[in-house]
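Asker: Everything below, folded, please.
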Amino acid sequence: MANRFLERFMHGPADDGSSSLGGTRAEALQRLQVGMSGIVAIVLLIALADIVRDRADQTDAEAVPEAAATVAPEPTNTAPSDPLAGAGVVPDLPADPDEAAEQTDPVLPEQGSDPAAPGQGGDGAQ
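Answerer: Numbers count the residues shown, from 1 in each chain. Okay, the predicted model is just below:
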């Protein structure tokens with residue numbers, strides 16, 4: 001077996017009619033060329049991507065950042081509005097915080113039936 005390997009290595013494949021797994025010398029050369037072409041194409045694509053990335057980094061470094069305002073903004077005297085209170089989602093809070101502090105009883109929702117309440121009967125049906 002070693003003799004056949006050395007013989008084939010030294011003299012090339014024998015043309016005795018049996019086809020080897022490697023194919024002919026021309027096919028092996030073609031496979032080698034295709035493989036090398038693929039490797040060269042990949043290296044070129046990587047180099048192109050690197051050039052594009054370097055150019056983008058250079059452009060970002062040279063770009064002027066967005067300019068800040070050179071004039072101070074004028075303060076507005078409008079009172080901030082509460083959009084939730086305007087929409088009726090939350091109750092209006094008193095403008096004076098002392099007014100809210102005067103309340104001593106907790107605010108509870110209506111419970112039970114009150115015959116004096118409008119829209120409710122004495123039997124508790126709503």
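Asker: How much space separates L21 from E110?
Answerer: Using Cβ to Cβ, to the nearest Å, one gets 93 Å for the distance from L21 to E110. Where C-beta positions appear, they are placed from N, C-alpha and C, glycine not excepted.
Asker: ok, the two, which is more surrounded?
Answerer: E110 (8 against 4; other Cβ atoms under 10 Å).
Asker: Which of the residues in stretch 56-74 are classified as buried?
Answerer: In terms of neighbour count (16 or more other Cβ atoms under 10 Å), stretch 56-74 has no buried residues at all.
Asker: Low-confidence stretches in this protein?
Answerer: Across the chain, residues meeting the criterion (pLDDT under 70) sit at 1-2, 9-10, 12-20, 67-69, 79-80, 85, 90-107, 112-126.
Asker: Helices of that one, residue ranges please.
Answerer: Taking DSSP state H as the criterion, the chain carries its helices at 2-11, 25-62, 83-87, 97-101.
Asker: For my notes, please list those helices in JSON lines and give distance to T70 for each entry.
Answerer: As requested, the helices of the chain are exported to JSON lines (distance: least, Cβ to Cβ, whole Å):
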{"stretch": "helix 2-11", "distance to T70": "80"}
{"stretch": "helix 25-62", "distance to T70": "22"}
{"stretch": "helix 83-87", "distance to T70": "32"}
{"stretch": "helix 97-101", "distance to T70": "40"}
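Asker: and T76, which of these is closest to it?
Answerer: Closest to T76 of the helices of the chain is helix 83-87 (Cβ to Cβ; 16.9 Å).
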